Structures are given as C-alpha cells and as structure tokens.
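# What follows is a predicted protein model with its sequence.
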Amino acid sequence: MNPVRTVTGTAYPWGAKNVDTDVIIPAHWLKTILRTGLAKGAFETVRAEPGNVFDDPHYAGSPILIAGENFGCGSSREHAAWALADMGVTAVIAPSFSDIFSGNAFKNGIVPVVLPQEAVDRLIEVAQADEITVDLETMTVTTPYQDRFTFELDPFRRQCLLEGLDEVGLTLAQDTAISKYETGVADARPWIKVGAGHESVAVEGIGRT
C-alpha cells in the first residue's frame, strides 16, 4: 500500500446519497479475486446514463470522489474499495460512510473524509472548475479560494495511511519481535520443534520416539 500524505487534483462532483456497494461495483464483477481490472466495472449503472460525471473527460482519472451521505452502504464487499482504487481514487469525501466500507477503504489506501453537508456542497461547487487538496498531515481539505475544512480520522488509521501500512505491512513491521518470540518459544518448548532432522520428543508421561 502506498503512503498517503496529500491528495491534490480534480474531484468527481457527484454528491449522490445512499450509494450502495452494488452501485460502486455490480455483483457480476465479484467473481475475481484480483484487485485490478475492476475500474471498468465501477459505477457501471451510472455510466449507462448519458452525460454522467464518471465519463466526463474533464474528471478522467480524478483522485478524489465527492459523494452524499451514507456512502458505501449495502453489502460488505471489499471489491467496492478495490474498484475505487483501480480507478485512481485515493480519497472519498462525504457527510457519512457505511462502517464496513470505511474500514475496507482504509485497508486499501483510500482516505474516507467526513465533512458536514454544507462543506460537501461547497466542494462540489468548487470541483466543477478547480482542484481540491486533501491533506492527511494537517487533516484539512482546502481549495484555491481559501476554503479550509478540518476533518477527523482515527489516529491509528491515519498513521497507517501516512506510512502506507496495510495488515500485511503491519505484521511485517513486527518481524523482529515475532522472530524473537518464536525463538523463545522454541527454546522453552522443544517438543513442538518436530520435523526433518529433529528427534520427536513426546510430552512427559507419554514417552519418547
């Protein structure tokens, strides 16, 4: 997972409310276990409508999506976060998110930014012509017009995003401590170290082989 410190660029000024995960990525795209290639299926039903924001050349490749309240509701499919990431979206701004989607977004390097509806409305207005910046260092969303909106994020999640640590990365970061623990366990409980080249020692009272 790549570290996320600031996200600057155009933003999809969508603003739709109660967008469920089936809208983000329809169910027939869930057969894959790969995180790539899902961008072409993202918002498929929305893209079927003429003049939709996702096919507007002005917003192509935007790293920010501005949505309405309760974004990511519905099923728990992680493919929704995968599809957004595959589109190049690194931050989603909305008044509220589904808890499960918010967790999936965090695990995939996407910043879920919660702002009041008035701030979201202002950002949708600005995004139609200008870029927006989401700054994870200062926890702010700013515009070229001196708009400055602060947001909150769980400190642990914020640090993971800043350092680019997903669950695998967090585990690997503890490699030294894990190795030290395993060595200690092997020394204290030699009977569990069974394998090629090692004598199998049974627990006391059972015997030795």
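Okay, I see it.

# ok, and the residue positioned nearest the centre of the chain, which helix or strand is that part of?
The chain has residue 105 as the residue nearest its centroid, 2.4 Å off, counting by CA atoms, centre = their mean. Assigned by DSSP states H and E, residue 105 belongs to helix 99-107.

# cool, residue 149 as well?
If you go by DSSP H and E, residue 149 is part of strand 148-150.

# mind checking how far that strand is from the chain centre?
21 Å (CA atoms, centre = their mean, to the nearest Å).

# which parts of it are buried?
Neighbour counts over strand 148-150 (16 or more other CB atoms under 10 Å) mark residue 149 as buried. The way it works is simple: take the backbone N, C-alpha and C, and place the C-beta from them, glycine included.

# Mind listing residues that contact it?
115, 119, 122, 123, 139, 140, 141, 142 (CB atoms under 8 Å, 6 or more residues apart in numbering).

# The residues you listed: which two are farthest apart?
Using CB to CB, the contacts of strand 148-150 span at most 17.6 Å, a distance reached by 122 and 139.

# more neighbours, those two?
Neighbour comparison, residue 122 and residue 139: the larger count goes to residue 122, with 17 against 14 (by other CB atoms under 10 Å).

# My guess is the more buried one contacts residue 145. True?
No. Assessed by CB atoms under 8 Å, residue 122 is found out of contact with residue 145, at 9.1 Å.

# Tell me which stretches of this protein form helices.
With DSSP state H, the ranges of helices along the chain come out as 21-24, 44-47, 79-87, 99-107, 117-127, 155-163, 167-173, 175-188.

# which of these sits most buried?
With neighbours taken as mean count of other CB atoms under 10 Å, the helices of the chain reach their highest mean count in helix 79-87, at a mean of 25.

# Please find the angle between the direction vectors of that helix and helix 99-107.
Computed by axes from the mean of the first three to the mean of the last three CA atoms, to 10 degrees, the angle separating helix 79-87 from helix 99-107 equals 40 degrees.
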